[in-house]
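My questions are about this predicted structure, shown below with the sequence.
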Amino acid sequence: MPVEQIDRFLKNNGFKQSSLNASLCVMRKGRRCVMVIVYVDDLELTSDDEKCVSQTQNTNLKFEFEMTHLLMLYFS
């Protein structure tokens, strides 16, 4: 999957590319934030609200790209 296709899709769906990291795209939903990190041809999707992650996955994202939901990421 070409990076240009990913970038175009994210921008067309309300994500804005970070000025600090070109691989990070952010979409704000009120006080919530959804982030997508593009790594080669993988997408890491995260948020401070699990509902926002589910909503983002269940919109056009999973129809446009082949996705596998592995596990929640935890940081310590």
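Here it is on my side, so go on.

contacts, neighbours, all on C-alpha from now
OK.

Can you point out the buried residues in the helix ranked longest in the chain?
For the chain, the helix with the greatest residue count under DSSP state H is helix 3-12. Neighbour-count burial for helix 3-12 flags Ile6, Asp7, Phe9, Leu10 (criterion: 16 or more other C-alpha atoms under 10 Å).

which one of those sits closest to Ser19?
Closest approach between the buried residues of helix 3-12 and Ser19, by C-alpha to C-alpha: Asp7, at 14.0 Å.

what about the closest one, distance to Gln57?
Using C-alpha to C-alpha, to the nearest Å, we find Asp7 at a distance of 16 Å from Gln57.

cool, and Asp41?
Distance of Asp41 to Gln57, computed by C-alpha to C-alpha: 17 Å.

Look at the two and report which has more neighbours.
Shown here are Asp41 and Gln57; by other C-alpha atoms under 10 Å, Gln57 has more neighbours (15 against 9).

before we move on, what SS does that one have?
helix (DSSP: H, G, I helix; E, B strand; the rest coil).

Got the confidence number for it?
pLDDT recorded at Gln57 is 79.

Show me the strands in the chain, by range?
Here the chain has its strands, by DSSP state E, at 16-17, 24-29, 32-39, 42-47.

Just send these back as JSON lines, with mean neighbour count and mean pLDDT too.
Formatted as JSON lines, the strands of the chain follow (neighbours: other C-alpha atoms under 10 Å; pLDDT from 0 to 100):
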{"stretch": "strand 16-17", "mean neighbour count": "18", "mean pLDDT": "93"}
{"stretch": "strand 24-29", "mean neighbour count": "17", "mean pLDDT": "90"}
{"stretch": "strand 32-39", "mean neighbour count": "16", "mean pLDDT": "87"}
{"stretch": "strand 42-47", "mean neighbour count": "16", "mean pLDDT": "83"}
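
Can you say which of these is nearest to Phe65?
With C-alpha to C-alpha as the yardstick, what comes closest out of the strands of the chain is strand 42-47 (9.5 Å).
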